[in-house]
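Enquirer: Compute the structure for the input listed below.
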Amino acid sequence: MVKSLQSTTTLNNGVEMPWFGLGVFQVEDGEEVINSVKWALEHGYKSIDTAAVYKNEEGVGQAIKESGIPREELFITSKLWNKDQGYEETLQAFETTLQKLGLDYLDLYLIHWPVPKQNKYKETWKAMEKLYQDGKIRAIGVSNFKEHHLEDLLTEAKIVPMVNQVEFHPHLQQKSLHEFCKKHNIQLEAWSPLKQGQILSDETITKIAKHHGKSTAQVILRWDLQKEVVTIPKSVKQHRIHENADVFDFELSEEEMKLIADLNKEERIGPDPDDFDKR
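Expert: Numbers count the residues shown, from 1 in each chain. Sure thing, here's the model as predicted:
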């Protein structure tokens with residue numbers, strides 16, 4: 001059982017990654033992101049997930065610096081944007097990300113999307129492997145990769161990705177992908193675990209939440225953890241950041257886990273990774 005905000009999963013290279021963190025997608029750079037990250041860190045969060053395309057890496061870096069928490073106690077993730085794919089481009093984009101964050105290294109760096117039309121992710125991965133071998137990143141991985149993207153990547157990869165961050169929630173459970181990742185010891189991580197609020201009024205989840213004296217959001221986040229999926233809910237409200245993390249004092253029964261699993265529709269709110277090629 002995941003017992004606290006500090007609980008970690010061991011990645012396939014031995015690095016410890018927190019099961020729970022704060023995502024900052026669509027959080028405005030400056031005061032909004034600085035406050036969100038500081039509130040999270042003050043409350044005991046150790047993991048912060050950003051990306052080049054979020055355009056808030058500088059604010060995240062400032063919040064980390066101002067928090068006074070030793071760097072080695074934190075787990076910081078960022079992601080490479082689509083236009084920066086390619087070997088040399090990746091090396092350059094990584095340096096820009098480090099500079100904006102004001103950090104000497106990253107804990108996790110992800111290829112944000114496979115962008116199959118570009119057909120550059122294998123070349124990009126070679127650069128990620130170099131950065132990892134040079135000690136500039138503690139773990140490397142991908143985001144939004146389907147099984148066939150991973151299978152293709154693994155034909156040439158020297159290092160198996162440590163993480164695959166994908167859209168994951170009760171309406172999109174990607175069971176086959178989850179099994180594939182388990183088989184290859186790739187940690188699945190959920191973005192948009194609450195489906196951007198669209199499942200918070202679901203009757204089944206509401207009933208389970210009432211039984212436990214919890215919110216529907218807390219039940220969904222607890223379900224993620226019991227599915228062994230790392231989760232990074234986003235919020236810019238202090239009370240919600242605290243509330244999201246209050247999921248370590250109860251456990252869902254097997255029956256409750258199954259009831260939520262039965263809600264699966266394989267329904268996305270984000271783009272299909274096979275088609276998405278925004279630069």
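Enquirer: Please count neighbours and contacts with C-alpha atoms only from this point.
Expert: Noted.
Enquirer: tell me the average confidence for whichever helix or strand residue 223 is part of?
Expert: Under the criterion of DSSP states H and E, residue 223 resides in helix 216-226. Confidence for helix 216-226, expressed as mean pLDDT, is 98.
Enquirer: Put the alpha carbons of stretch 125-135 into CSV.
Expert: Presented in CSV, the C-alpha positions along stretch 125-135 are these (Å, rounded to 0.1, in the frame of the first residue of the first chain):
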residue,chain,number,x,y,z
TRP,A,125,15.8,8.7,-27.8
LYS,A,126,19.5,8.3,-28.7
ALA,A,127,20.1,11.9,-27.5
MET,A,128,18.1,11.1,-24.3
GLU,A,129,20.3,8.0,-23.7
LYS,A,130,23.4,10.2,-24.1
LEU,A,131,22.1,12.7,-21.6
TYR,A,132,21.3,9.9,-19.2
GLN,A,133,24.7,8.3,-19.6
ASP,A,134,26.4,11.7,-19.1
GLY,A,135,24.6,11.9,-15.7
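Enquirer: Please compute how far it lies from its chain's middle.
Expert: 20 Å (C-alpha atoms, centre = their mean, to the nearest Å).
Enquirer: ok, residues contacting that stretch?
Expert: 86-88, 90-91, 105, 109, 111, 137-140, 157-159 (C-alpha atoms under 8 Å, 6 or more residues apart in numbering).
Enquirer: Could you do stretch 5-13 as well?
Expert: With C-alpha under 8 Å, 6+ apart, stretch 5-13 has contacts from 2, 16-21, 44-46, 139, 162-163, 185-187, 245, 248.
Enquirer: circling back to that earlier point, check which element follows the helix holding residue 223 along the chain.
Expert: With DSSP H and E setting the assignment, the helix or strand that follows helix 216-226 is strand 230-231.
Enquirer: Could you look up the next helix or strand downstream of that next one?
Expert: In N-to-C order, the element after strand 230-231 by DSSP H and E is helix 238-244.
Enquirer: Buried only: go through the contacts of stretch 5-13 for me.
Expert: Among the contacts of stretch 5-13, those classed as buried by 16 or more other C-alpha atoms under 10 Å are 2, 16-21, 45-46, 139, 162-163, 185-187, 245.
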